[in-house]
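Visitor: output the structure for:
(one chain, ligands or ions: 1)
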Amino acid sequence: MNEAASTLEGWYALHDFRSINWAAWKAADDEERAVALDELQEFWKEWKEVEDSSKGSTVVYTVVGQKADLVMMHLRETLEDLKAVENAFNKTMFAQYTTKSYSYVSVVELSNYLGKEGEDPMQNPDIIARLKPVLPQRQYICFYPMNKKRELNDNWYMLSMDERRTMMRSHGMIGRSYAGKVKQIITGSVGFDDWEWGVTLFADDALQFKKLVYEMRFDEVSARYGEFGSFYVGSLLNEGTLEDMLKL
Ligand code: VOV
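Guide: Residues are numbered from 1 along each chain as shown. The predicted structure follows:
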């Protein structure tokens, strides 16, 4: 049997994609809409408090195109905490004006492919910060799920640790050339959701997503072993810009 990479896990992640039911939102009266927005602002404050107390992080982005209208990405300490935040949102009045488009459950993951021998990663503050990250408020988000292939001739899971490490090194080098331009959060989802990883990218220039993903397509680990789900792209929302988006 091949050696599995050892992984470190941090906060659990929920990507909660919603579409706005514009017909229902427009049919609501001014007071109903105001109450729904007030409740949403309260909710936003609670998310901030969670972040301030280092118990998780939340960002909200629009989604461009017909797959959804917005995505709430939540990181929390436990699956129960994630379910609680999902339920709390579902109980808001605003949620009545949304429909569920897609969701993705995973956990922030780091693997040991490029780890330093002999170092206890849990004593390294940089690693802890990567496992429990405050989500960046960059202008754009890109999310997609992916697998590593398990086909007869191209089976990632049948490769030796050394072969995988060599390929991950090349992957990491391409990634590093986007330092400062694209921030990635890789979440593992084997046993949690339909794909093996969630890839969430943040950037202030959306074109950098295209450039990075395209460049990686030529790198063996993606070219040969990567399988990808649907891509979601959108821009940052805050309390103010969400209200603007909902203004009739
Ligand atoms: C923004 C840049 C960027 C950078 C710097 C980067 C670096 C690294 C390093 C150093 C490592 C290995 C150690 C670890 O941290 O786990 C990884 C790991 C991983 N990556 Fe990555 N990746 C990036 C970006 C990046 C992208 C754009 C993608 C999607 C691939 C594509 O073709 O669309 C991706 C995927 C992954 C995955 C699925 C894993 C886990 C693989 C596994 O088998 O376990 N990743 N990644």
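Visitor: let me know the helix or strand that the residue in the chain that the ligand sits nearest to is in.
Guide: Relative to the ligand, the nearest point of the chain is Gly175 (2.1 Å; Cβ to the nearest ligand atom). Glycine gets a C-beta too; all of them are placed from N, C-alpha and C. Element membership of Gly175, judged by DSSP states H and E, is helix 161-176.
Visitor: helices or strands next to the helix or strand following that helix in the packing?
Guide: Following helix 161-176 in sequence order, the next helix or strand is strand 182-188 (DSSP H and E). Using 3 or more Cβ pairs under 8 Å, 6 or more residues apart in numbering; DSSP states H and E as the contact test, the elements touching strand 182-188 are strand 7-20, strand 98-111, strand 197-203, helix 207-217.
Visitor: residues of strand 182-188 that come out buried?
Guide: Residues of strand 182-188 classed as buried by neighbour count (16 or more other Cβ atoms under 10 Å): Val182, Lys183, Ile185, Ile186, Thr187, Gly188.
Visitor: for stretch 91-100, same thing?
Guide: Buried residues in stretch 91-100, defined by neighbour count with 16+ other Cβ under 10 Å: Thr92, Phe94, Ala95, Tyr97, Thr98.
Visitor: just how off-centre is it within its chain?
Guide: Here the centre of stretch 91-100 is set off from its chain's centre by 21 Å, with Cα atoms, centre = their mean, to the nearest Å.
Visitor: so which residues make contact with it?
Guide: With Cβ atoms under 8 Å, 6 or more residues apart in numbering as the test, stretch 91-100 has contacts from 16-21, 24-25, 28, 32, 35-37, 39-40, 43, 69, 89.
Visitor: near the ligand, list only the ones from the buried residues of strand 182-188.
Guide: Among those, the residues within reach of the ligand (Cβ under 6 Å from any ligand atom) are Val182, Ile186.
Visitor: of all the buried residues of strand 182-188, which comes closest to Arg217?
Guide: For the buried residues of strand 182-188, the minimum distance to Arg217 (Cβ to Cβ) is 15.0 Å, reached by Val182.
Visitor: show me the beta-bridge partners of that closest one.
Guide: In this entry, Val182 is beta-bridged to Ala203, by DSSP bridges.
Visitor: returning to that earlier point: mind giving me the packing neighbours of the helix holding Gly175?
Guide: Against helix 161-176 (3+ Cβ pairs under 8 Å, 6+ apart) you get helix 207-217, helix 220-223.
Visitor: Glu243: which of those is closest?
Guide: helix 207-217 (26.8 Å).
Visitor: can you put the helices and strands packed on helix 161-176 in CSV and add mean neighbour count and mean pLDDT?
Guide: Shown next, in CSV, are the helices and strands packed on helix 161-176 (neighbours: other Cβ atoms under 10 Å; pLDDT from 0 to 100):
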stretch, mean neighbour count, mean pLDDT
helix 207-217, 15, 98
helix 220-223, 16, 98
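Visitor: redo the helices and strands packed on strand 182-188 as TSV? Include distance to Glu51.
Guide: TSV is the format used below for the helices and strands packed on strand 182-188 (distance: least, Cβ to Cβ, whole Å):
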stretch	distance to Glu51
strand 7-20	11
strand 98-111	15
strand 197-203	15
helix 207-217	24
